[in-house]
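> structure of the sequence below:
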Amino acid sequence: MRTEPSPGTLPAREHLPAGHAGTPVLDVVIPVYNEEKDLQPCVFRLHEHLSRTFPYAFRITVADNASTDTTPLVAARLAAELPEVRSYRLEQKGRGRALRTVWSASDAPVLAYMDVDLSTDLNALLPLVAPLISGHSDLAIGSRLARSSRVVRGAKREFISRTYNLILRGSLQARFSDAQCGFKAIRRDVAQVLLPLVEDTGWFFDTEMLVLAERAGLRIHEVPVDWVDDPDSTVHIVKTATDDLKGVWRVGRALATGSLTLDRLARPFGDDPRDREISGVPKGLARQLIGFAVVGVLSTLFYLVLYSGFRTFSGSQTANALALLVSAVANTAANRRLTFGVRGKGGAVRHQAQGLVVFGIGLALTSGSLAALNAATTEPAHATELAVLIVANLAATVLRFLLFRAWVFPDRHDASPSTVVAAHTPAMPNVPNVPPTVPAGPASPVYATTPQSPYGTQSLYGTADVPHDHQTWGDSTMQMQPVHPNDHDPRDAR
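Numbers count the residues shown, from 1 in each chain. Predicted structure coming up:
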């Protein structure tokens, strides 16, 4: 059982200390585009709800996606009126771009977002973020498809939503129930490592983030919600559905080829000392045995089908060699990806070459069994040949697993360098609307007030040398700073 973190993995989740602090615990982002009518009542309602019910310091961030109406003016007025509200303007559209930009710059340990129409009942907000604050989960989503959810919307949108989630389950093996609900939250330390892997900048951003998180083994908490459809929604269903299907194909292809480095998102076990170190049990043995057994059963069936086909036009030895060769290549590839978790193309040729050596040992066992059978009887029945081959393959399978584990795919995590932790500098608590300092590096994002902006709001979009969507993100683990109960924010009147 692999219980310790490998290099680049996330730190163990910890419960955030209770009490007020200079840094808000929760940052709720509201991405908007031409929402001059709905923005003010949305922010007032959300602010009142959080002030009345949320036990931690919070912030509300309006992320303007290049609106062409008076939405930036409304956002700036709200930020000036309410101390807990900030406004950022991006000069390019895209909900995913807005969330990634603001989340990446936020200093709050828990990040959330919701749609401006507030279709989701706000009573679900605290249950949404509570598992993240407690350290139990990495991400949280509202689900309109849970059994206890209450949803009011038209048949068309209901059909599209359920069809889309069925596509995700069938194509990407997604286990979460609702990818499109505009009501989600994520821990900042997870976002710092996960968001650089998410390519989409539009509506598919949510789905891609959830699929990658789930494939990496992160814990996703689902909250049943009460949801009322907004009849004035400006979402273009056909275009959004087309873009989503393109995203499903892109992510599915990336997962199939192993081009995503999801290993660095793995979480160690919790606080129980029994989970941290178990002596006498090789790391990952139980999981590898199960994976190897499943691949072995499928490979054996594949081998028998090939042998039966080759046997129709060749002798038993030739048919066995051909069937074993083809199935061995497929077996090595499957075990490489599924059993031992090796992703990417690096070392694939060497692994196949070593797999062929293992194949040679299996060939010697099975060929020797057939030779012994032919020596015992001149014309053995086909069923007898298959029985002998099954027994020989079982013996070869045990030896193959031992060779794979010890020689072809050895566990080298213990010899890897230690985890690199990137420090995080919190925002200045006494200066409103000052974004957090981002560690300098190649193509580091520049977050500053833009005097040229006619709205007087801040622009998070842009970098020193490279546009935001083309910047290079380095592998890093963000260690969440503890929240000190005694550090009071002078702006917080609660």
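> now the residue nearest to residue 124 when sequence neighbours are not counted: how far from residue 308?
In this structure, residue 124 finds its nearest non-sequential neighbour in residue 225, 4.6 Å apart by CB to CB, 6 or more residues apart in numbering. Bear in mind the C-beta positions are built from the backbone N, C-alpha and C, glycine included. Per CB to CB, to the nearest Å, residue 225 is found 54 Å from residue 308.
> between these two, which one's more packed in?
residue 225 (27 against 13; other CB atoms under 10 Å).
> for residue 185, which residues are in contact?
Contact analysis of residue 185 by CB atoms under 8 Å, 6 or more residues apart in numbering lists 110, 111, 112, 113, 128, 129, 132, 139, 140, 141.
> how far off centre is the lengthiest helix in the chain?
If you go by DSSP state H, the chain has its longest helix at helix 348-376. Put simply, helix 348-376 sits 40 Å off its chain's centre (CA atoms, centre = their mean, to the nearest Å).
> and stretch 29-49, what's buried?
Residues 29-35, 38-40, 42-43, 46-47 are the ones in stretch 29-49 that count as buried (16 or more other CB atoms under 10 Å).
> now do residue 107, the pLDDT please.
Looking at residue 107, its pLDDT stands at 91.
> correct me if wrong: it contacts residue 23.
Yes: with contact defined as CB atoms under 8 Å, residue 107 and residue 23 form a contacting pair (5.4 Å).
> now the helices for the stretch 201-350 of the chain?
205-215, 237-257, 273-276, 285-311, 316-334, 348-376 (DSSP state H, counting those that start in this stretch).
> for these, which has the smallest mean pLDDT value?
Among the helices of the stretch 201-350 of the chain, helix 273-276 has the lowest mean pLDDT, at a mean of 45.
> give me the buried positions along the helix or strand in which residue 168 is found.
Applying DSSP states H and E as the criterion places residue 168 in helix 155-172. Going by neighbour count (16+ other CB under 10 Å), the buried part of helix 155-172 is 157, 160, 161, 164, 165, 167, 168, 172.
> can I get these in TSV with pLDDT?
Formatted as TSV, these follow (pLDDT from 0 to 100):
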residue	pLDDT
157	76
160	79
161	78
164	82
165	77
167	85
168	84
172	83
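> of these, which pair is most distant in space?
Largest separation among these by CB to CB: 157 and 172, giving 21.7 Å.
> chain neighbours aside, what residue packs nearest to the residue nearest in space to the middle of the chain?
Against the mean C-alpha coordinate of the chain, by CA atoms, centre = their mean, the closest residue is residue 213 at 1.6 Å. Leaving aside its chain neighbours, residue 213 sits nearest to residue 139 (5.5 Å; criterion: CB to CB, 6+ apart).
> who touches the one you found in this structure?
132, 184-187, 190, 209-210, 213, 218-221.
> low-confidence stretches in the chain?
Residue ranges of the chain with pLDDT under 70: 1-9, 17-22, 231-237, 263-284, 411-494.
> centroid-wise, who is the farthest residue in it?
Distance-from-mean max, the chain, by CA atoms, centre = their mean: residue 378 at 58.9 Å.
> on the three-state scheme, that one is what?
Assigned with DSSP: H, G, I helix; E, B strand; the rest coil, residue 378 falls in the coil class.
> equivalent analysis for residue 67, please.
Assignment for residue 67 (three-state DSSP): coil.
> could you dump the buried residues of helix 155-172 to TSV with distance to residue 333?
Formatted as TSV, those follow (distance: CB to CB, whole Å):
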residue	distance to residue 333
157	41
160	37
161	36
164	31
165	30
167	26
168	25
172	20
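> nearest to residue 54 among the residues you listed?
Of all the buried residues of helix 155-172, residue 54 sits closest to residue 161, with 28.7 Å by CB to CB.
> the residue nearest to the closest one when sequence neighbours are not counted and residue 60: what is the separation?
Leaving aside its sequence neighbours, residue 161 sits nearest to residue 180 (CB to CB, 6+ apart; 6.2 Å). Per CB to CB, residue 180 is found 22 Å from residue 60.
> ok, those two, which is more surrounded?
residue 60 (24 against 20).
> tell me the SS of that one?
Residue 60 ends up strand, using three-state DSSP.
> pretty sure it contacts residue 32?
No: contact between residue 60 and residue 32 fails when scored by CB under 8 Å: they sit 11.9 Å apart.
> dump the residue contacts of the closest residue to residue 162 other than its chain neighbours.
Leaving aside its sequence neighbours, residue 162 sits nearest to residue 145 (CB to CB, 6+ apart; 6.9 Å). By CB under 8 Å, 6+ apart, residue 145 lies in contact with 161, 162, 165, 177, 178.
> do the same with residue 115
Going by CB under 8 Å, 6+ apart, residue 115 touches 30, 31, 182, 183, 230.
> what about these, which are in helices?
Checked against DSSP H, the contacts of residue 115 include nothing in helices.
> which of those sits closest to residue 240?
So of these, ranked by how close each gets to residue 240 (CB to CB), first place is residue 182, at 12.4 Å.
> and that closest one, what does it touch?
Taking CB under 8 Å, 6+ apart, one finds 113, 114, 115, 119, 120 in contact with residue 182.
> name the member of the residues you listed with the most neighbours.
With neighbours taken as other CB under 10 Å, the top of those is residue 114, carrying 25 neighbours.
> quick one: neighbours of the residue nearest to it when sequence neighbours are not counted, just the number.
Counting by CB to CB, 6+ apart, residue 183 is the residue found nearest to residue 114 once chain neighbours are left out, at 5.2 Å. For residue 183, the tally of surrounding residues (other CB under 10 Å) stands at 25.
> quick one: the helix holding residue 168 to helix 205-215, angle?
40 degrees (axes from the mean of the first three to the mean of the last three CA atoms, to 10 degrees).
> how far does helix 155-172 sit from its chain's centre?
With CA atoms, centre = their mean as the basis, helix 155-172 stands 20 Å off its chain's centre.
> which strands and helices sit next to that helix?
Packing partners of helix 155-172 (3 or more CB pairs under 8 Å, 6 or more residues apart in numbering; DSSP states H and E): helix 205-215, helix 237-257.
> residue 368: what's it in contact with?
Contacts for residue 368 (CB under 8 Å, 6+ apart) come out as residue 392.
> measure residue 61 to residue 110 for me?
13 Å.
> just residue 328 next, same as before
49 Å.
> more neighbours, the two?
residue 110 (25 against 21).
> measure the more buried one to residue 317 for me?
Relative to residue 317, and taking CB to CB, residue 110 is found at 65 Å.
> looking at the buried residues of stretch 29-49, spot the one nearest residue 322.
residue 31 (57.5 Å).
> partner residues bridging that closest one?
Per DSSP bridges, the residues bridged to residue 31 are residue 63.
> is it true that it touches residue 65?
Yes: using CB under 8 Å, residue 31 is in contact with residue 65, at 6.0 Å.
> still on that earlier bit, and the residue nearest to residue 161, which of the three is it?
coil.
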